[in-house]
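# sequence plus the predicted model coming up.
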Amino acid sequence: MDGTFLGANLASGNVFQLCNISSLVADAAWQFGTRYEQSCKIMAKDLWDEPTVFYDLYIPYIKNEGDETKEMMYSVPNRIVTDDTNKDDKDDKNWILTSRFFIVDTIGGISGASPEPKIIRYLESMEIRVKLFNTRESPDKPGRIHPPLVVLRYKDILLEEANDGKEVEMKFSVTYEMEMKESKKDVEIAVGVLSVFAVLLSAIEAWSWSRRSGKVAVDLSSLVKLLFSAAGYLSYVFLCVIFFTCLYWFVFFKQQTFVHAVLPTKEQEEFIKHYLISAFVLKLLNVGFLIYSQISVDVFILDWERPPLVSSKAKEAGEPPISVWRTYLVANEWNELQIRRKTRIGLQLVLVIFVMKILGVENLCSADPHNQLWPEEGKYMASHSYVCRLALGVAIWLGLALLQSVFWVGIYSGAVEDKLAQFTDVCSISNISVFVMSHSHFGYYIHGKSAHGTADTNMAGLMDQLQREADDLCGHRGLQAGSDHQTFSMTLPHKLRAYYDKVVTPASQANAGQGATRARLTGTVLENMVHAYTTMNRFLTRFLEHALRDLDYEVRDKMFLETVLDIEFQDAVAGDKAVFYTDNGHSFDSVLLYGNEFSLTVFEVLVFAFTDLFASSFLVSALTTYLVSKAISVVRYTAGRANLATKTLIDRRFLI
C-alpha cells in the first residue's frame, strides 16, 4: 500500500464481493430498483492473498445552473457499524461517517519482523441503502433519491484460525426504501372508515338474529352474535384494505417505466402482516360460529302420504302402515347437501399449484422491476417481497375461485345438474316437505306435497305421474293453488314454536341421549319418538292446509329493503299468523355450506395468506388450505349428520 491512484470506474460486477459468482448475477446489484442480496463463505486463508485497496464511492449527477448544466460527483458517506457510536439506526445525529473504506486490511495486522499479518480485518457485510423521495410529499421530484448511505460491518480473524481451515462469511446487499408514513396513515384511515360500516352491518345482523330468535330485549346471546358478526365483517375490511394496498404497490412497482416508487422493506411490511394475522383470527372465530349455527338447526321431515284405500273388511284387520323409506331417502339427500359447495377445493388446489408453479407466476413476486415468468438462466433473481406474494396469492386464489363459481353455478348447474333443484324435485316425488328452523322463530320451508296426492306407487305409476305433470294434466307442485313455487323463508309465531318444543324437543333429547345404545332403542323411548313424530306431522299438515282455527299463515313477497338487509320488518312472533316469504328457489342453502361460499372462500384465502406468511411457499400454503378446508367439511358433516338424526327422530344408522 503506497497511496497510488488506481483509477475511477463505474461500479459493476462483483467489485465489492470476493464471492466467486458470475458477472450476470453480480451486475444485478447495479440495476436501480433491484433488491439485491448475496452472501457466500470463503476460506479465511484466502484473505491473506488479497491486497489492501481503499475505495471511495461517488454518485454522478447533473446540476442545473441557469441555462448551463454541470456534471457533479457526490461523495457517498460510509457508516461503519462496528464502531459503537454508529450502531443505533435512529441516532443519526451522532454518527461518525467516513468517505473511504477497504474490503481486506492485510497491513494493519503486521507486527514484528514477520511480513505476514497475525490478524486481518475484513468486510463482513456491506449494504448500500438508497432512499427515494416520497412523491406525495415532493410531487415535483419523481424518481429522485436522497444521498445513499453505505453501511459497513468489519470483523477480525486471527492467523491461527485461518490455518485451522476456518471459513468466513461475506455479505453484499443493496436495498431501496421510501417513507411509508403517509401510506400507513391511509391504510389506518381506510380501516377506520370501513370498520364503522362493518360494525353497523353487524348490528343490523344481530338485530335480525334477535328478532328471529324471539328476543324481546337485547341479552347476552344477542351480544355474542354481535361480536361474532363483527369479527366476520372486520376480517373482510382488513383483508380488503391490505389486499388493494399491496396490489397497488405491486402493480405500480412492476409497471413503472422509471423507478419513482419502491416496495416496502421487511420492517415496513410489519403493519401489513399484523392486519393479516388479525383478519385470520377474526375470520376463524366467525367460521367457527357459522359451523356451530348450522349443526344446531332444527329439521323436521313432514310426510304427506296417507294410508292407501282398502276395503272395510281389510280395514278391520288394521290400517296398513305408511312406508318410511321415502323419509329416509329425503333425509339422506339433505345429509349429502350439507357439505356441498359452489367450488371444489381439490380442483382449486390443482389450479393454484399449476398457475403458481407450472406457469411460473410466483416469479413475479421478486423484489425487482422484472416481469418475467421464467427469468433467463443464470440471471440473478431478487428475493420475494411479501407484499407481492400477498397481492398475487390473494388475487390468484380469488380469481380461480370466481371462475369455479361461474362454471359450477352458471354453466354446470344449468346444463348438467342443479343439486338444490334436484332436492326439491325429490321432495315432490317423495311427497315429503322439509321444515328447517335456523332460529327459534325463523326458518325455511321446502314444499314437497305431491301434485298427485300419493307417492307410494310402482315404476309405471311414477312414470305416469311425471308424464301427467309434463302434459299439465294435474295440479301444480307449489304451496299455493296454481303456483309452482315450492321454497320459502318463514317467520313463525310463538304458538307454533311452543307446540314444537312441547312435542318434538323432549323426544329429540331422548333420541340424542341414546348414543351408542341405539341398537337397543326399544320400549318407552321408541314409543315416545313415534308418537312425537306422528303428532307433529299431523299438526304441521293441518297448519299448512289452513285447517287450524287459531294458527294460520300468509304468503307474500319480501320488500326490497328486507331482501337487501336480510331482515323481516313484520313481527310474526307475537301474533297467530306465520308469514311465508317467496324466495329465489334455494334460500334454504343459508343453513348449508353452499349458501356461505363467499365466507368460506375468504376464510380459505386468509388461511392461504397466513400460511404463506410463515412458510413462504405457495405449494405448502395451498396444501395447508386444502387440509383445513377438508377438516371443516369433516366436522360439518359429522356433527351435522348427528344433529339431523337427533332432530328428525331418524335412526342414525340409516343416514349413509
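Thanks, I have the structure now.

# quick check: S405 touching E597?
Yes: applying CB atoms under 8 Å as the test, S405 and E597 come out as touching, 6.8 Å apart. For glycine as for every other residue, the C-beta is placed from the backbone atoms N, C-alpha and C.

# any residues in contact with both of those two?
342-343 (CB atoms under 8 Å, 6 or more residues apart in numbering).

# the more surrounded of these two?
Taking S405 and E597 together and counting by other CB atoms under 10 Å, E597 has the greater number of neighbours (19 against 16).

# give the contact list for the closest residue to that one other than its chain neighbours.
The shortest distance from E597 to any non-neighbouring residue, by CB to CB, 6 or more residues apart in numbering, is to K342 (4.3 Å). By CB under 8 Å, 6+ apart, the contact set of K342 is 404-405, 408-409, 594, 597.

# possible to save the residues you listed as JSON lines with pLDDT?
Output for those, formatted as JSON lines (pLDDT from 0 to 100):
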{"residue": "Q404", "pLDDT": "95"}
{"residue": "S405", "pLDDT": "94"}
{"residue": "W408", "pLDDT": "93"}
{"residue": "V409", "pLDDT": "92"}
{"residue": "Y594", "pLDDT": "94"}
{"residue": "E597", "pLDDT": "95"}
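
# list just the nearest of these to T646.
T646 lies nearest to Y594 out of the contacts of K342, by CB to CB, at 22.1 Å.

# what's the local residue count around the closest one?
Residue crowding around Y594 was assessed by other CB under 10 Å; the count is 20.

# with the flanking residues excluded, which residue is spatially nearest to it?
Y594 sits nearest to R340 (CB to CB, 6+ apart), 5.2 Å away.

# does that neighbour belong to a helix, a strand or coil?
Three-state assignment for R340 (DSSP: H, G, I helix; E, B strand; the rest coil): coil.

# ok, F608 next?
helix.

# can you report how many residues lie near H476?
Count around H476 with other CB under 10 Å applied: 15.

# now do the contacts for it.
Counted by CB under 8 Å, 6+ apart, H476 has contacts 451, 482-484.

# ditto for Y637
335, 338-339.

# which of those are buried, as a PyMOL select command?
Buried residues among the contacts of Y637 (16 or more other CB atoms under 10 Å), as a PyMOL selection:
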select buried, resi 335+338+339
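
# in a markdown table, list the contacts of Y637 along with pLDDT and distance to N643.
What follows is the contacts of Y637, written out as a markdown table (pLDDT from 0 to 100; distance: CB to CB, whole Å):
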| residue | pLDDT | distance to N643 |
| --- | --- | --- |
| N335 | 93 | 10 |
| Q338 | 93 | 9 |
| I339 | 93 | 13 |
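
# between the contacts of Y637, which is nearest V174?
Taking CB to CB as the measure, V174 lies nearest I339 of the contacts of Y637, at 51.2 Å.

# one step back: okay, the contacts of Y637 in JSON lines with distance to D67 next?
Shown next, in JSON lines, are the contacts of Y637 (distance: CB to CB, whole Å):
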{"residue": "N335", "distance to D67": "85"}
{"residue": "Q338", "distance to D67": "79"}
{"residue": "I339", "distance to D67": "76"}
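
# which of the contacts of Y637 lies closest to C427?
Closest approach between the contacts of Y637 and C427, by CB to CB: N335, at 14.0 Å.

# got the contact list for that closest one?
Per CB under 8 Å, 6+ apart, neighbours of N335: 637, 640-641, 644, 655-656.

# can you give me the helices for the stretch 351-500 of the chain?
386-405, 413-415, 419-430, 459-470, 494-514 (DSSP state H, counting those that start in this stretch).

# check the stretch 551-656 of the chain too.
Going by DSSP H, counting those that start in this stretch, the stretch 551-656 of the chain shows helices at 560-565, 597-615, 618-648.

# and stretch 498-515, what's buried?
499-500, 503-504, 507-508, 510-511, 514.

# and that stretch, how far from the chain's centre?
Distance of stretch 498-515 from the chain centroid (CA atoms, centre = their mean, to the nearest Å) equals 38 Å.

# got the CA coordinates for that stretch in CSV?
Written as CSV, here are the backbone C-alpha positions of stretch 498-515 (Å, rounded to 0.1, in the frame of the first residue of the first chain):
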residue,chain,number,x,y,z
ALA,A,498,-94.1,-23.6,21.7
TYR,A,499,-96.0,-26.6,20.3
TYR,A,500,-92.8,-27.9,18.6
ASP,A,501,-90.8,-27.6,21.8
LYS,A,502,-93.6,-29.3,23.7
VAL,A,503,-93.9,-32.3,21.3
VAL,A,504,-90.6,-32.8,19.5
THR,A,505,-87.9,-31.4,21.7
PRO,A,506,-88.3,-33.9,24.5
ALA,A,507,-88.2,-36.8,22.1
SER,A,508,-85.2,-35.3,20.3
GLN,A,509,-83.3,-35.0,23.6
ALA,A,510,-84.1,-38.6,24.4
ASN,A,511,-83.0,-39.6,21.0
ALA,A,512,-79.7,-37.8,21.4
GLY,A,513,-79.2,-39.4,24.7
GLN,A,514,-79.3,-42.9,23.4
GLY,A,515,-75.8,-42.6,21.7
